[in-house]
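In: sequence-free structure coming up:
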Ligand SMILES: NC(=O)c1ccc[n+]([C@@H]2O[C@H](COP(=O)([O-])OP(=O)(O)OC[C@H]3O[C@@H](n4cnc5c(N)ncnc54)[C@H](OP(=O)(O)O)[C@@H]3O)[C@@H](O)[C@H]2O)c1
């Protein structure tokens, strides 16, 4: 009997890294429940369904999880990809900006994980993938400091989820990319943008992690377009 294709929820899957992950998973037999603010996605595939998801709207999180379980019958993997950038420093940013960044980059992934948790426990070897950043691991400039704060927090969230899922064999991995050639890195100088990591490369790594057995638990993967002293 052919095994039923696994189901992955991918947030912010309408463009950039999330879209590349959705394409990669579909190309390798997964079914994909894609969460997007706009609800519009440039993929035609019967194994894909798109749900409205806005990280600043808690009800949309509840509805997305419920819709996925209703339409696909379960959740095998949850990919926290949606994220937003701030170029304000921790001194410059006002409370609203801090709250918005933490809401989108940290609190929404936390809430979504809790809502999907019973389904991940019910899956055979459920998986959570958190798109953190190398910014979570080192703060190189003032301009990057608020974004880094949010990514350091979501990296800790990934480690927390990893521990929560240990016994049930739900594995959680944080990917920590440096510059990736998407809209978020559009400000990079042309030469550096050309050398930046491709979203498709992140997607290949993401799929590999999602397809590993629970006996190969990977906590973090730092990924750099260049060579830094530690990464
Ligand atoms: N690009 C890089 O250099 C880089 C490096 C390290 C980590 N990352 C992380 O990788 C992830 C994907 O980034 P990307 O490079 O693909 O950036 P991107 O092209 O700017 O895409 C960001 C995605 O997040 C979604 N998003 C933003 N705010 C949202 C909200 N409130 N609710 C729902 N979705 C929201 C966007 O949806 P809309 O289309 O509706 O705006 C879009 O799908 C992010 O978490 C980012 O922090 C990126």
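Out: Structure received. Fair warning: this is a prediction, and the values are worked out from it, not measured in the lab.
In: stretch 210-222: end-to-end distance?
Out: End-to-end distance for stretch 210-222, by C-alpha to C-alpha, to the nearest Å: 16 Å.
In: residues contacting the longest helix along the chain, please?
Out: With secondary structure taken from DSSP state H, the chain has its longest helix at helix 145-164. Residues outside helix 145-164 that contact it (C-beta atoms under 8 Å, 6 or more residues apart in numbering) are 80, 85-90, 93, 97-98, 101-102, 105-106, 109-110, 113, 128, 130, 132-133, 135-139, 170-174, 176, 217, 219-220. Just so you know, the C-beta spots here come from the backbone N, C-alpha and C atoms, and that holds for glycine as well.
In: go again using 7 Å as the cut-off
Out: For helix 145-164, contacts defined as C-beta atoms under 7 Å, 6 or more residues apart in numbering pick out 85-86, 88-90, 93, 97-98, 101-102, 105-106, 109-110, 113, 128, 130, 132-133, 135-136, 139, 172, 174, 219.
In: flag the shaky bits of the chain, pLDDT-wise.
Out: Residues of the chain meeting the criterion pLDDT under 70: 1-2.
In: show me where it has its helices.
Out: Counting by DSSP H, the chain has helices at residues 16-27, 58-72, 95-102, 108-122, 145-164, 190-195, 199-211.
In: buried set for the last one?
Out: Neighbour-count burial for helix 199-211, counted by 16 or more other C-beta atoms under 10 Å, picks out 199, 201-203, 205-207, 209-210.
In: so what's the residue count around residue 178?
Out: 18 (other C-beta atoms under 10 Å).
In: wait, doesn't it sit right on residue 225?
Out: Yes. Proximity of residue 178 to residue 225 meets the contact threshold set by C-beta atoms under 7 Å, at 5.3 Å.
In: what do the two both touch?
Out: residue 197.
In: to the ligand, which of the helices of the chain lies closest?
Out: Closest to the ligand of the helices of the chain is helix 16-27 (C-beta to the nearest ligand atom; 2.2 Å).
In: how far does the closest one sit from its chain's centre?
Out: 11 Å (C-alpha atoms, centre = their mean, to the nearest Å).
In: hang on, residue 60 packs against residue 66?
Out: No. Judged on C-beta under 7 Å, residue 60 makes no contact with residue 66 at a distance of 10.7 Å.
In: more neighbours: which of those two?
Out: residue 60 (19 against 12).
In: how near is residue 138 to the ligand?
Out: 13 Å (C-beta to the nearest ligand atom, to the nearest Å).
In: contact residues of the protein facing the ligand?
Out: Counting by C-beta under 6 Å from any ligand atom, the residues of the chain close to the ligand are 12, 14-18, 37-38, 53-56, 81-84, 104, 131, 133, 177, 179-180, 182-185.
In: now list the buried members of these.
Out: 12, 14-18, 37, 53-55, 81-83, 104, 131, 133, 177, 179-180, 182, 184-185.
In: just to revisit the earlier point, can you redo the helices of the chain as JSON lines with distance to residue 8?
Out: As requested, the helices of the chain are exported to JSON lines (distance: least, C-beta to C-beta, whole Å):
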{"stretch": "helix 16-27", "distance to residue 8": "5"}
{"stretch": "helix 58-72", "distance to residue 8": "10"}
{"stretch": "helix 95-102", "distance to residue 8": "25"}
{"stretch": "helix 108-122", "distance to residue 8": "11"}
{"stretch": "helix 145-164", "distance to residue 8": "16"}
{"stretch": "helix 190-195", "distance to residue 8": "28"}
{"stretch": "helix 199-211", "distance to residue 8": "7"}
